[in-house]
Structures are given as C-alpha cells and as structure tokens.
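Sequence isn't available, so here's the structure alone:
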Ligand code: MN
Ligand code: MN
C-alpha cells in the first residue's frame, strides 16, 4: 500500500524547485539514444581540431545531405537548406521556414575555435642542436598544462605561388608527434617556487621538432636545415612560406570515454565543439520549421570574437540582411523579432575545487543542458544578461519538450568570470541567452563532459528550432 504523503511533503512538491538528474530520469531507450548521439560527437570532434578542419568536415557533410551554397537573389522555399562558408573558418547554415523572415529568424551560434598553441610567423629555429617551433598561445590557457604531452600540428600554408598546403600531422598512429618539454623535478626547486603564471612562460612554449643534423660540415644550424629539408620534401614549403601560414599545435590524442560506466567523454576542444555538434545535428534534422534557422559556427571566440570570422564581424548580420532584402523587409525588423541561443559551454562544479562556485547556482555534470542568464565579471560587467521574458520563452519550450536543463553561472560572485558570443549577438537587438554543456577542466588540453548533457543540448536546440 502506498504511504500517504504528509502536508509538508505535498507542499514541497508543489512549491519548491527540484533539479532533475538525467541519469535518473532517462529510461533505457533514451539512454541508448544518448550513447548513440555521443558516438557521432566523438567522430566530429576527432575530425575537426581547428576551425578550418571543422568547416571542411561540416561542409562536406551538409553537402551530402543536400545543402547548397547560398545565392543572393535566388528564391527559396520552406525546407530549402543552404550554407555560407566564410573564409573556411566560420560557417552559416540555414533551413528556410514557413513564416516570412519578418517574423524573425531563430539563431543558434557556437564557436569552433579552441585554446591552443599557434606558430609564430617565423617559427623555425635551432638551439643547442635541437630544432623548435616558436609559438604564441591562443586563448586563455594555464601554460604549464601544455608541456610534456604529445602535440599534433594542424593548419594551412599558402606558398609563394598562391597554392595552399593543408597540414595535419600527429593524429594518425603512424605519424610522429611533437611536444613542449618541461624541467625534471630534481632540478626544479627554483621553478616550483614560482607563481603558476611563471612556471612556464609564454616564450618557453617552444615545440620540439627534431634533433638530427644535415650532414654537411660547410653549413651552420644543421638541425634546422635538416628539418627545413624534410618540410620541403614532404610539403614543398620553404621557410618564408611560414609567413603566410596558420599553423597550430593541439593535443595529439583522440576523444575517449571516461569512467567505468562510460558516462563521460574526455577530449581536446569540447569548448565549444561540444555545442557546435548539437546545433549542427538540430540544424540538419529540422524539416520545414516555422522560423528560418540561422546556425552559426563562429571563429575567434577564444580571443574576443574579433576579426572577419568572429561574431563581432558583420558577416552574420550581412547574411540576415540578405535574407531580409530578398523578402523585401528591412533588416532591423527581422532582428527585432529574432531569437538566439548562444550555445557555449559553462563551468561544471568540480568537487576538488568547491570554493570557486556557489552551490545553488552552479551547473553540475549530468543535470542537463545549462541555461545561463548572465556571464561577465565583477558585478556582471560585460554580459548580455537575458531578459526574464527571454528566459521564460526558452524555459517553457524546454519543459514542454522534456529537456532536462539546469541554470548556471560562471563561478561565484567576484571569483572571476568570462563571456561568450551572446553580447555580440544581442548588440543587434536580438533576444539572446547562453545555453550549453557543463565542462570539467575547461580550457585544459583534456576537457570532460557528460554524455547526457551533450544529448540534452541537442534536444534543447531541436526544441527551439521546431517551436
Ligand atoms: Mn566557449
Ligand atoms: Mn572558452
């Protein structure tokens, strides 16, 4: 016989907020969907470790599904699917809706760049008969985390004749890898007494790339010459070609399941490809939505969203203007009715570091996708801070679709903070809110997410696009 609930228990149920736990709520059938979805995600994240590679991979994928390059002036019908490739570093995908764009477009934006070590324009040098690449780190990293582990090299080199060489070396098991060396503990007493910012300095992030000399007594810097010779033989590039290159070093390992229960994934670059994949899958699956979708893969978020391929660039607004103009509507009237999910990661509570969060308002692994009303730092400075009405709009959509979601903020008050692309989108008079996956070890070479949270991000975006 079922025990009768007390008055207090009934009131508790009626009045108090209770956070759901995905691993408790989901049944076996849905858990299978979670694991299947994450298999696709692991493939995606291993295929694209730089924005160039993500765009390459995604364009090929969406073309196979029937997406066509957008043509201004062409008439499109509901359900038609197009894309705009911005310099092979950022990408817009659209599915036309049944409503005119004067009713607003539905935007989801994630960034596809991640923290890493970029090569300097003149990277190649030799020191004490070892050859190195000089780097300038990209994004917010703890520099000491990037030593003593295998790195792979990715990017593009434009040669003097204008032709381009794509480089990807170190991911294949047969490839060599590279690394930044660190000091042995036996000799590190001076180093270990330094502040963590100085344990490894920016100019010490030099990548070891070779040690054999070129056999010729007449020349100096023989190791450097030998490496230059190998690069010429393999890629046809000479030293001056580095001046017109974008080469970057990233962790050489693949995405792996974490835990005996395989409930989590460890990988390089979850931030923010772990949101890019869910928005991509929601975009490709939507049939003929009411509102035209604008799915954006942005570059440069980790360095402030500047440049032609970042969200502060006009490229994405220009595209919406194209949509507006082709339907005879003013851009500003489209923007005023549009909505955006700035789909980016948030910090997950790490029990090893309980002091940086406030437990009621922080995001937790396995409690679903995080809806983040505001980011910023020092009194919400530099935040989009979504309106209550915007929160209400999304909250209702998610609850109706059975999305398990939680609220989050980036650390306790005055602990630090950060930002996303949300403020660059909302600056155009578009209602915007942050939504994404909670991450452990964010910005480390190996970040951790939960599979249920990745899946719930996909469910949330899909619910939005199908609303
Ligand atoms: Mn991010
Ligand atoms: Mn980030």
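Great, that's in hand. What you see is a predicted model; the values in this text were computed from it and never measured. Ligands and ions are numbered 1, 2, ... in the order given.

When you work out contacts or count neighbours from here on, use the C-alpha atoms and nothing else.
OK.

Could you list the residues in contact with the helix or strand encompassing residue 40?
Residue 40 is part of helix 28-47 when elements are defined by DSSP states H and E. Counting by Cα atoms under 8 Å, 6 or more residues apart in numbering, the neighbours of helix 28-47 from elsewhere in the structure are 53-54, 57, 254-256, 267, 269-270, 273-274, 277, 451-452, 454-455.

and this protein, which residues reach ligand 1?
Counting by Cα under 5 Å from the ion, the residues of the chain lying close to ligand 1 are 271, 272, 344.

now those in JSON lines, with secondary structure, neighbour count and distance to residue 334?
Putting these into JSON lines (DSSP: H, G, I helix; E, B strand; the rest coil; neighbours: other Cα atoms under 10 Å; distance: Cα to Cα, whole Å) gives the following:
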{"residue": "271", "secondary structure": "helix", "neighbour count": "29", "distance to residue 334": "30"}
{"residue": "272", "secondary structure": "helix", "neighbour count": "26", "distance to residue 334": "27"}
{"residue": "344", "secondary structure": "coil", "neighbour count": "30", "distance to residue 334": "24"}
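
Pick the one among these closest to residue 352.
In terms of Cα to Cα, no member of those lies closer to residue 352 than residue 271, at 20.6 Å.

Now do that closest one against residue 113, distance only.
With the distance defined as Cα to Cα, to the nearest Å, residue 271 ends up 8 Å from residue 113.

Same check on residue 149?
In this structure, residue 149 lies at 21 Å from residue 113, with Cα to Cα as the measure.

Then residue 390?
27 Å.

For the two, indicate the residue with more neighbours.
Here residue 390 and residue 113 are set side by side on neighbour count (other Cα atoms under 10 Å), and the busier one is residue 113, at 29 against 16.

Could you say which helix or strand holds the more buried one?
Applying DSSP H and E, one finds residue 113 in no helix or strand.

Can you check the pLDDT for it?
As summarised for this prediction, residue 113 has a pLDDT of 98.

How about residue 66?
We note a pLDDT of 98 for residue 66 in this prediction.

got the contact list for it?
Applying Cα under 8 Å, 6+ apart, the residues contacting residue 66 are residue 81.

change it to 7 Å
Under the criterion of Cα atoms under 7 Å, 6 or more residues apart in numbering, residue 66 has no neighbours.

same question, residue 291
Contacts here follow Cα under 7 Å, 6+ apart; on that basis residue 291 touches 97, 98, 99, 104, 105, 106.

Which two among those are spaced furthest apart?
With distances taken as Cα to Cα, the most widely separated pair in the contacts of residue 291 is 98 and 106, at 12.5 Å.

distance of the residue nearest to residue 79 when sequence neighbours are not counted from residue 94?
The spatially closest residue to residue 79, leaving aside those adjacent along the chain, is residue 288, at 4.1 Å (Cα to Cα, 6 or more residues apart in numbering). When Cα to Cα is applied, the distance between residue 288 and residue 94 equals 11 Å.
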